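Trainee: give me the fold of what follows.
(chains A, B, C and D)
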Number of protein chains: 4
Amino acid sequence: MKQVQRIGVSLETELLSEFDELVAEQGYHNRSEAIRDLIRNRLTAEQLAHPDTRAVAAVFVVYDHHRPQLAQKLIRLQHSHLLKTISSMHLHLDHHNCLEVILLRGKVGDITKLGDNIVSLKGVKLGRVNLITAAE
Amino acid sequence: MKQVQRIGVSLETELLSEFDELVAEQGYHNRSEAIRDLIRNRLTAEQLAHPDTRAVAAVFVVYDHHRPQLAQKLIRLQHSHLLKTISSMHLHLDHHNCLEVILLRGKVGDITKLGDNIVSLKGVKLGRVNLITAAE
Amino acid sequence: MKQVQRIGVSLETELLSEFDELVAEQGYHNRSEAIRDLIRNRLTAEQLAHPDTRAVAAVFVVYDHHRPQLAQKLIRLQHSHLLKTISSMHLHLDHHNCLEVILLRGKVGDITKLGDNIVSLKGVKLGRVNLITAAE
Amino acid sequence: MKQVQRIGVSLETELLSEFDELVAEQGYHNRSEAIRDLIRNRLTAEQLAHPDTRAVAAVFVVYDHHRPQLAQKLIRLQHSHLLKTISSMHLHLDHHNCLEVILLRGKVGDITKLGDNIVSLKGVKLGRVNLITAAE
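Mentor: Have a look, this model is predicted:
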């Protein structure tokens, strides 16, 4: 069981009431939940700014699945970096286009570089690398 | 077969050589590939800025899988929005933490709101909603 | 004098100690200060996502000041939108390049569009529009 | 006079026509201008990702000017880092609030840290550090 501590925070009444509105809109149970999320996001952003942090990234690529070589190249590129790729998910967007989400694990610097290479493959129409979370 | 056109672009020699370096580093086949990607990213960013654009978003949540109710709530929330959720992928990060990637399809405004709700579920430690691509 | 309220927030001990480190590093006086900032940033981001919010934006342009027409065009464009431009600041970066920071006030949608026009002026080498804060 | 080169770029007709629309909307003179801007933004983003790049950053702070000590602290903090601060601009937002834009020059790592310290000053309601451009 994780230990929990309770701290006091002072806020202008007006700021608090605006915040309470946001908390309700987003469906949070209570303020503590929402504040913990703000803190965790901030800490994660800080960690992910360092190239040596171990992290998980998601690479999104949209491509035309009528180019079978691309699918093969994507698979091969993932296997050649076996330790870094964790998992991938494939989705048909429309008659022409697929979306592939590839999760990579490794140092921020390495997985960003591998992600850039995937995104730059010939036939990839749209691609992005998103660092998600520091891991361990 | 898609029709392709060739246009001329003038660039300062210095800018061009810096760009060529980037093109090589990222593993692009040629400049046209890289420029097409820049253009597509720009157009997509433009489209995703409008709440009515139909799009695909990825929601990432990191949570402690020892909280079984959360997993159920996540599944229930996805089913209650059946038309919007497309697919999800589950991944063990470490002994305590799971990463779940949930793809949503719908209007930018709607899927952002649903994503915010998922991220705000009690027990979700870290969450983010990323708009990926306009669809149709 | 603004009314201030005190609320209680519960946090896992580990998360709290990581947060305390960040608070110290950034030079905050205390946790309340840091948490208020996180909340204000989140609320502002929320407001700035709506095109009708009245806001202040900063437009940055880097350009070669040996192109005198550009400087004139920049000035003229600002005057023709007199109500939206508030102020600007000029800075010599090096022998060739100037940086100009232009503050715009108005609806998010309008000032973003005007900012895009400024950034697109012939001779502007680098430009960006940053929404800063909602202003009544 | 800078040397200019002309390169050929091939694009799907559909992508080209969407791009031409954007070029017109934003007020660009021609496609080359717009493509050069996309390339420069991409290169700048790449450079600014390295903590050792020399760069210019803008720090925005919103604060209540009825807190005179804060204004003094802001000025003192800028003077104590004389080489890094270049210039600042002050703006009255409303009866209570001021916006101050402070330009810093130095290594990405250093000016980000200094910016974080400014943003964390007691009394600053809203603050952000934006890296603008690599310099020299």
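Trainee: could you use CA atoms for every contact and neighbour count after this?
Mentor: Fine.
Trainee: near chain C, which residues of chain A?
Mentor: Within chain A, the positions lying close to chain C (Cα under 8 Å from any Cα of the partner chain) are A:2-13, A:15-16, A:18-19, A:22, A:31-32, A:35-36, A:38-40, A:43.
Trainee: now check the lengthiest helix in chain A, is it near chain B?
Mentor: When chain A is parsed with DSSP state H, its longest helix is helix A:31-48. Yes - on the criterion Cα under 8 Å from any Cα, helix A:31-48 is in touch with chain B at A:Glu33, A:Ala34, A:Asp37, A:Arg40, A:Asn41.
Trainee: with respect to chain D, which of the residues you listed is nearest?
Mentor: Nearest to chain D, judged by Cα to the nearest Cα, of the residues of helix A:31-48 next to chain B is A:Asn41 at 16.0 Å.
Trainee: can you report how many residues neighbour the closest one?
Mentor: For A:Asn41, the count of nearby residues is 18 (other Cα atoms under 10 Å in any protein chain shown).
Trainee: how near is it to A:Gln47?
Mentor: 10 Å (Cα to Cα, to the nearest Å).
Trainee: pick out the residue in chain A sitting closest to chain D.
Mentor: Closest point on chain A to chain D, by Cα to the nearest Cα, is A:Ala49, at 8.7 Å.
Trainee: measure that residue to C:Leu22 for me?
Mentor: A:Ala49 is 14 Å from C:Leu22, by Cα to Cα.
Trainee: please enumerate the helices of chain A.
Mentor: Using DSSP H, helices in chain A cover A:13-26, A:31-48, A:68-80, A:108-119.
Trainee: any idea which of these is most buried?
Mentor: Across the helices of chain A, averaging neighbours per residue (mean count of other Cα atoms under 10 Å in any protein chain shown) puts helix A:108-119 on top, at a mean of 21.
Trainee: tell me what the nearest residue to A:Leu99 once chain neighbours are set aside is bridged to.
Mentor: With sequence-adjacent residues excluded and distances taken as Cα to Cα, 6 or more residues apart in numbering or on different chains, A:Leu99 is closest to A:Val62, at 4.5 Å. The bridge-partner assignment for A:Val62, based on DSSP bridges, gives A:Leu99, A:Leu126.
Trainee: my guess is A:Val62 contacts A:Arg128. True?
Mentor: No - in this structure A:Val62 lies outside contact range of A:Arg128 using Cα atoms under 8 Å: 9.4 Å.
Trainee: out of those two, which sits in the busier spot?
Mentor: A:Val62 (24 against 19).
Trainee: so how many other residues sit close to the residue lying closest to A:Ala55 once chain neighbours are set aside?
Mentor: Distances taken as Cα to Cα, 6+ apart place A:Ala134 nearest to A:Ala55, at 4.1 Å, with adjacent residues excluded. Using other Cα under 10 Å, A:Ala134 has 21 other residues around it.
Trainee: mind listing what A:Leu74 touches?
Mentor: A:Ile118 (Cα atoms under 8 Å, 6 or more residues apart in numbering or on different chains).
Trainee: and if you look at A:Gln26?
Mentor: B:Lys113, B:Asp116, B:Asn117, B:Ser120.
Trainee: same question for A:Ala134.
Mentor: Each residue near A:Ala134 by Cα under 8 Å, 6+ apart is listed here: A:Thr44, A:Gln47, A:Leu48, A:Thr53, A:Arg54, A:Ala55, A:Val56.
Trainee: go on, A:Asn97?
Mentor: A:Asn97 neighbours (Cα under 8 Å, 6+ apart): A:Val62, A:Tyr63, A:Asp64, A:His65.
Trainee: among the residues you listed, name the buried ones.
Mentor: A:Val62, A:Tyr63, A:Asp64, A:His65 (16 or more other Cα atoms under 10 Å in any protein chain shown).
Trainee: pop the domain breakdown of chain A in here.
Mentor: Listed by automatic domain parsing, the domain ranges of chain A are A:13-48, A:54-134.
Trainee: output those domains in a markdown table, with mean pLDDT and distance to B:Leu104 appended to each entry.
Mentor: Output for these, formatted as a markdown table (pLDDT from 0 to 100; distance: least, Cα to Cα, whole Å):
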| stretch | mean pLDDT | distance to B:Leu104 |
| --- | --- | --- |
| domain A:13-48 | 92 | 17 |
| domain A:54-134 | 84 | 11 |
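Trainee: fine by me, thanks again.
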